[in-house]
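[1] starting from these lines, generate the structure:
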Amino acid sequence: MNSQEFSAFLRVCRDDVDSALLTVLPKVPVAGKRLSEAMKYSLFNGGKRVRPILAYAAALATSENLQNRDHIHPVACAVEAIHAYSLVHDDLPAMDDDELRRGKPTCHIAYDEATAILAGDALQTLAFEALTQASTLTAQTRLRLIKQLAKASGAEGMVVGQSIDLNAVDQTLSIGELELMHAHKTGALIRASVQMGAIASEQASPTQILALGNYADAIGLAFQVQDDILDVTADTATLGKPQGSDQASNKPTYVSLLGLNAAKVKAADLHQTALDALADFDHRADALRALSAYIVQRDH
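    So this is what the prediction gives:
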């Protein structure tokens, strides 16, 4: 997949998930207009849509023919809604206390803290509603998808990762402990996005789903390593959030533990691990290969 084909793939996937998200947003009573606006604000604030794109790419890698992606849209909406909810809550004063997200005021700044909490709650439940509405998939597949997303976003996944992160402030962590934290906080939803895309294709073998999990584990860590690198090397305008915020909060990062150059080497090694996990896939996994490179080479 050359750079033009990859750019076109990203554009089509983003357009698809944006259109699908507009259709699944709930029709809230007029009295709940502020909540509805906050939900839409948080879903459409310039996100790169990495998780939905991973779902589309995994479905493509495991499908004989994916001309029609309608059956993947609910998965794309679900993982993006969970991601958006997690960012709204992570930015709250009781959590990371951030005022900028993607160059815009965070939800609790644009609206208020209570509205942000409720918007996050509503986005989380919206994700599971979207999966129940995947009418082109079998009931067994829908149940499998719901279970996978619940485990990835709950106390065995993303939520416990955030808890570990909060408890790690001002603490000294080993590389292993840092990886454990990010395997849950960032990696669990990335792994779910990839495997759910394959599951929704209803054509993936257990061996393929296992290999895709290994791929996702590698890019999930690579995503965080690159985030830590950018926190040091990029400016606030490029990042869309305050530069050096992790250092200011005295949070352990790959850069603080390894140093900048070694962190860059680790990101490259994780990219290679991701590619190795796809060794038995044919050209249909080229989008996944390109996404791994995109994750470790992105500049914001």
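
[2] from here on, just use CA atoms for contacts and neighbour counts.
    OK.

[3] buried set for stretch 41-56?
    41-43, 45, 49-56 (16 or more other Cα atoms under 10 Å).

[4] try stretch 24-43
    Result for stretch 24-43 [16+ other Cα under 10 Å]: buried residues 24-25, 35-36, 38-43.

[5] helix or strand for the closest residue to Ala268 other than its chain neighbours, which one?
    Residue nearest to Ala268 in three dimensions, not counting chain neighbours: Val296, with 7.1 Å by Cα to Cα, 6 or more residues apart in numbering. Val296 is part of helix 286-297 when elements are defined by DSSP states H and E.

[6] pLDDT score assigned to Gly244?
    On the pLDDT scale, Gly244 is placed at 57.

[7] can you offset everything so residue one is 62?
    Yep, numbering from 62; the last one is Gly305 now.

[8] what about the strands in the stretch 62-211 of the chain?
    Under the criterion DSSP state E, counting those that start in this stretch, the stretch 62-211 of the chain contains strands at 161-162, 165-166.

[9] tell me the one of the buried residues of stretch 85-104 nearest Thr202?
    Within these, the smallest distance to Thr202 is 19.5 Å, found for Val85 (Cα to Cα).

[10] show the pLDDT at the closest one.
    We have a pLDDT of 94 for Val85.

[11] can you count the residues close to Ala229?
    Close neighbours of Ala229, defined as other Cα atoms under 10 Å, add up to 17.

[12] find the nearest non-adjacent residue to it, please.
    Residue nearest to Ala229 in three dimensions, not counting chain neighbours: Lys312, with 6.8 Å by Cα to Cα, 6+ apart.

[13] now do Cys138
    Distances taken as Cα to Cα, 6+ apart place Leu82 nearest to Cys138, at 5.7 Å, with adjacent residues excluded.

[14] show me what the helix holding Val357 is packed against.
    Packing partners of helix 347-358 (3 or more Cα pairs under 8 Å, 6 or more residues apart in numbering; DSSP states H and E): helix 64-85, helix 111-122, helix 267-294, helix 321-338.

[15] now the longest one: average pLDDT?
    Just to be clear, that refers to helix 267-294. Across helix 267-294, pLDDT averages out at 94.

[16] stretch 64-80 too?
    Averaged across stretch 64-80, pLDDT comes to 95.

[17] ok, stretch 346-356 next?
    96.

[18] if we can go back for a sec, which one of the strands of the stretch 62-211 of the chain lies nearest to Gly237?
    Comparing those by their distance to Gly237 (Cα to Cα), the top pick is strand 161-162, with 28.4 Å.

[19] quick one: residues contacting Val316.
    286, 289-290, 323-324 (Cα atoms under 8 Å, 6 or more residues apart in numbering).

[20] just the pLDDT for it.
    Val316 carries a pLDDT score of 92 in this model.

[21] tell me the buried residues in the helix or strand it falls within?
    Secondary structure from DSSP H and E places Val316 in helix 315-319. By neighbour count with 16+ other Cα under 10 Å, helix 315-319 contains the buried residues 315-317.

[22] what lies in contact with the helix holding Val357?
    With contact meaning Cα under 8 Å, 6+ apart, helix 347-358 is reached by 62, 67, 70, 115, 118-119, 122, 280, 283-284, 287, 328-329, 332, 335-336, 339.

[23] what's the angle from it to helix 321-338?
    In terms of direction (axes from the mean of the first three to the mean of the last three Cα atoms, to 10 degrees), helix 347-358 departs from helix 321-338 by 170 degrees.

[24] now helix 347-358 against helix 111-122, angle please.
    Angle, helix 347-358 to helix 111-122, by the same axes, to 10 degrees: 150 degrees.

[25] can I get helix 347-358 in PDB, CA atoms only?
    Output of helix 347-358 as PDB, limited to C-alpha atoms (Å, rounded to 0.1, in the frame of the first residue of the first chain):
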ATOM      1  CA  ASP A 347      -1.200  -3.900   4.200                       C
ATOM      2  CA  ALA A 348      -3.400  -1.300   5.800                       C
ATOM      3  CA  LEU A 349      -2.500  -2.700   9.200                       C
ATOM      4  CA  ARG A 350       1.200  -2.600   8.300                       C
ATOM      5  CA  ALA A 351       0.900   1.000   7.200                       C
ATOM      6  CA  LEU A 352      -1.000   1.900  10.400                       C
ATOM      7  CA  SER A 353       1.800   0.600  12.500                       C
ATOM      8  CA  ALA A 354       4.300   2.800  10.700                       C
ATOM      9  CA  TYR A 355       1.800   5.700  11.000                       C
ATOM     10  CA  ILE A 356       1.600   5.300  14.700                       C
ATOM     11  CA  VAL A 357       5.300   5.400  15.400                       C
ATOM     12  CA  GLN A 358       6.000   8.200  12.800                       C
END
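
[26] fine by me, we can end here.
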